[in-house]
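>>> 3D, please:
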Amino acid sequence: MAAPILSFENLGLSQGTHWLFRDIDIFVGERDRLALIGRNGAGKTTLLKLLAGQIEGDEGTRSVRPGARVIMLEQDPDVSAFKTLHDFALAGQYAPQAHEVEAIASQLGIDLSREAATASGGERRRAAIARALASEPDLLLLDEPTNHLDIAAIDWLEGWLGRYSGAFIVISHDRAFLTRLTRQTLWLDRGSLRRNEIGFGGFEDWMEAVYAEEARAAEKLDAKLKIEAHWLQRGVTARRKRNQGRLAKLHEMRAQRADMVGPQGVAKIAVASDDSKTKSVIKAEHVTKSFGDRAIIKDFSLRIQRGDRIGIVGGNGAGKTTLLKLLTGELAPDSGTVSQAKTLDMIFIDQQRSLMQPDKRVRDVLAEGGDWIDVRGVRKHVHGYLKDFLFDPSLAEAKVGTLSGGERSRLLFAREFARESNLLVLDEPTNDLDLETLDLLQEVIADYDGTVLIVSHDRDFLDRTVTVTLGLDGSGHVDVIVGGYADWVAKRQPRNAPRAGKKAPASSPPPPRPAPAKLSYKDQRDLDLLPRHIEELEAAIARDEEALHDPNLYARDPKKFDTLTRAVEQARADKDAAEERWLELAEKAEGLSG
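Next comes the predicted model:
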């Protein structure tokens, strides 16, 4: 077996009066593709910096194979010491070749002659990616590599990493990115690090199994405090039954909306009935908007109904923000009209999180320093409301400046979602969020009574939340597609984007294969048989739970009590998996018949 590229034995790092983590052993092999998972504040970025040698631990021994190049891509690259992005990109630790940097920058669509001081977050990120990939890395440490990238750049990066011959560890909130690329998972949880030889696609099942075992142990010890801590850590991801119900509701909303949409690819909604007109919140008719000689939006028509969840996607510069401003009335069209309902009450959450002042306490942000907060007309104690958003209630006294970026975003969501509103506008809401917070945000959006507009590059997030996708290709044309990002991609013309990258052939990916005309035999069989299997599991759960309701069972027969408890837990897990599989197949069958 080849020696690992990097290893760290007995790693420990203290933070103030406690250990952030301790007694961690980690190794990275030649072809490892590791997802690093953990809640905001768990120490994921800190762990990457320790592995990169940027900071030193309080305990442990770090070893790197002689000659191996370990390159870290940071969340917020510091370009302040450089005049241009080109200077920054060529100043890496291993002095990448100019032609390599420029080739990758060209594929990413970044002009490296841009002055560093005025570069946007996305431009800095692209320059840092070009520098990292051109440095001939043996191990890449990637901290939220898709933040500030548009979908085209994410696709390109996925292709490069898919062909890359080295190893990488990646922190990301982008489920699609992690699922497609990773083969192993590191889970940083409450100061310990677990490793499993599965990619991110199997992470949630693994997490459920770990937490279920912990819950059994906690119940046996009658440790109520441990059970409470277990709930806080598990968060929304444990509510799988409710999440499945929301997914089914989303499919139903999409089916209803499909009846109102004109021919696919035509940016307009069919004329609604008089009853539907009363539900319209935003109406755009033949809207055109140009900047200089370039038409950003051409002849765009859309009627947004109350309760719609609208996703806006496209490359950087395609016009997503322009379209959002037109729909919300912040920007006037050159021709055509946009009208909003008079009763519209909007909440706008931007990607800068500008409302979070670092010197304020969490309590100040939520409840103006008090103990109670009005949540859309319902009075709640600030501690209970913090728990709803996956915070430890003790954080009520913490300063905003001490929170991680993801925690600040979560706090902002908690503050804004408490307000009365009927239009929610989210501009890149998933940046800096951990996976549990993403689940929470999806849950809040699903339960929101009003209309939602979302600009995002997170493909999985859009697939889980929106009923209609507005796709911009940069020509001024806007596709109006019922469904999420995947539905938009399925209806677009195939495109072959050129790819390039170090340690990877600079060739285009193969064109997408046409979808099968019908379900496979196995898929069709599962679709037909799963409903009955789900009913059988529900009956088994009800039968065993009724037996467990006997208050004397544990004292009379503890072995039977334990067997029934395990059977119920397994049946619930099997039912969740069966429901998820059936929903997936039903959506697939609907797509093939559409």
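>>> in the stretch 451-594 of the chain, which spans are helices?
Taking DSSP state H, counting those that start in this stretch as the test, the helices found in the stretch 451-594 of the chain are 459-465, 485-491, 521-548, 553-556, 558-593.
>>> Make a markdown table from these and add distance to Ser475 and mean pLDDT to it.
Just so you know, the C-beta spots here come from the backbone N, C-alpha and C atoms, and that holds for glycine as well. As requested, the helices of the stretch 451-594 of the chain are exported to a markdown table (distance: least, C-beta to C-beta, whole Å; pLDDT from 0 to 100):
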| stretch | distance to Ser475 | mean pLDDT |
| --- | --- | --- |
| helix 459-465 | 21 | 90 |
| helix 485-491 | 15 | 85 |
| helix 521-548 | 37 | 79 |
| helix 553-556 | 68 | 73 |
| helix 558-593 | 26 | 74 |
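>>> Among those, which comes closest to Glu123?
Comparing the helices of the stretch 451-594 of the chain by their distance to Glu123 (C-beta to C-beta), the top pick is helix 459-465, with 22.0 Å.
>>> And the closest one, what does it pack against?
Applying 3 or more C-beta pairs under 8 Å, 6 or more residues apart in numbering; DSSP states H and E, one finds that helix 459-465 makes contact with helix 175-181, helix 240-258, strand 309-314, helix 435-447, strand 451-455, helix 485-491.
>>> Now do the buried residues in that helix.
Within helix 459-465, the residues that count as buried by 16 or more other C-beta atoms under 10 Å are Arg459, Asp460, Phe461, Leu462, Asp463, Arg464, Thr465.
>>> Could you double-check that the fourth one sits in contact with Thr469?
This points to Leu462. Yes. When contacts are counted by C-beta atoms under 8 Å, Leu462 is listed as touching Thr469 (6.7 Å).
>>> residues shared between the contacts of the two?
Counting by C-beta atoms under 8 Å, 6 or more residues apart in numbering, the residues touching both Leu462 and Thr469 are Gly311, Val313, Gly484, Tyr485.
>>> Mind listing the residues bridging to the closest residue in space to the second one that isn't next to it in sequence?
Pointing back at Val313 there. Distance criterion C-beta to C-beta, 6 or more residues apart in numbering; nearest residue to Val313, sequence neighbours excluded, is Gly471 at 5.4 Å. With DSSP bridges as the criterion, the beta-bridge partners of Gly471 are Val313, Asp479.
>>> How much space separates Gly471 from Gly109?
Using C-beta to C-beta, to the nearest Å, one gets 18 Å for the distance from Gly471 to Gly109.
>>> Those two: which has the busier surroundings?
Using other C-beta atoms under 10 Å, the more surrounded residue of Gly471 and Gly109 is Gly471, with 24 against 17.
>>> Please name the residues that touch Leu327.
Neighbour list for Leu327: Ile282, Ala284, Leu302, Ile304, Val338, Leu453 [criterion: C-beta under 8 Å, 6+ apart].
>>> Kindly indicate which of the residues you listed lies nearest Thr61.
Leu453 (51.2 Å).
>>> who's in contact with the closest one?
Applying C-beta under 8 Å, 6+ apart, one finds that Leu453 lies in contact with Ile310, Ile312, Leu324, Leu327, Thr328, Leu423, Leu424, Val425, Leu426.
>>> and it, bridged to which residues?
Ile310, Val425.
>>> Ala284 versus that one, what's the distance?
12 Å.
>>> any idea what sits nearest Leu403, other than its immediate chain neighbours?
Counting by C-beta to C-beta, 6+ apart, Leu403 lies nearest to Leu411, which is 6.7 Å off, once chain neighbours are set aside.
>>> what number of residues lie near that neighbour?
Going by other C-beta under 10 Å, the residues that sit close to Leu411 add up to 23.
>>> Show the pLDDT at Ala223.
pLDDT for Ala223: 47.
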